[in-house]
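> can you look at this prediction? I've put the sequence above it.
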Amino acid sequence: AAEKVGLDLDDEGKEYWVSVGESYFGNTKSYDEWTGFFAAFIEKCPNYREISRDINVKLFKAVDSNKDGVVNLAEYKAFVTAVFPNLTDDDVEY
């Protein structure tokens, strides 16, 4: 997925992407499954905002592959479709 946005990751970079993806998406296999996972996380975890903030900072760092401080559509799509390859362009852009 990183190659889609021209990002050549070393082993450490690949491990970072994988760990962030696992932190954010858990073991979900579809977008619908992930939304249920995330809704349950919010419901069951009173400090979900703090946990989410920490995960989102790492997620942003991983997805912002050109390090310009902005996640563009190509960067977002590369990351999300690596996790959910069956998403259509419309799904990703929604």
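Nice, thanks for sending it over.
> what residues sit buried inside the lowest-mean-pLDDT helix or strand in the chain?
Ranked by mean pLDDT, DSSP states H and E, the helix or strand of the chain with the weakest confidence is helix 11-25, at a mean of 79. Judged by neighbour count using 16 or more other Cβ atoms under 10 Å, the buried positions of helix 11-25 are 17, 20, 21, 24, 25. Backbone N, C-alpha and C define where each C-beta goes, glycine included.
> same question, stretch 24-41
24, 25, 28, 31, 34, 38.
> mind saving the C-alpha coords of it as CSV?
Presented in CSV, the C-alpha positions along stretch 24-41 are these (Å, rounded to 0.1, in the frame of the first residue of the first chain):
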residue,chain,number,x,y,z
TYR,A,24,-6.9,1.3,14.6
PHE,A,25,-8.7,-1.5,12.8
GLY,A,26,-8.2,-4.4,15.2
ASN,A,27,-8.9,-7.8,13.6
THR,A,28,-11.8,-6.6,11.5
LYS,A,29,-12.1,-7.9,8.0
SER,A,30,-14.6,-5.4,6.5
TYR,A,31,-15.6,-1.8,6.9
ASP,A,32,-19.0,-2.8,8.4
GLU,A,33,-17.2,-5.0,10.9
TRP,A,34,-14.9,-2.2,11.8
THR,A,35,-17.7,0.3,12.4
GLY,A,36,-19.3,-2.2,14.8
PHE,A,37,-15.9,-2.7,16.5
PHE,A,38,-15.4,1.0,16.9
ALA,A,39,-18.9,1.7,18.2
ALA,A,40,-18.5,-1.0,20.8
PHE,A,41,-15.1,0.5,21.8
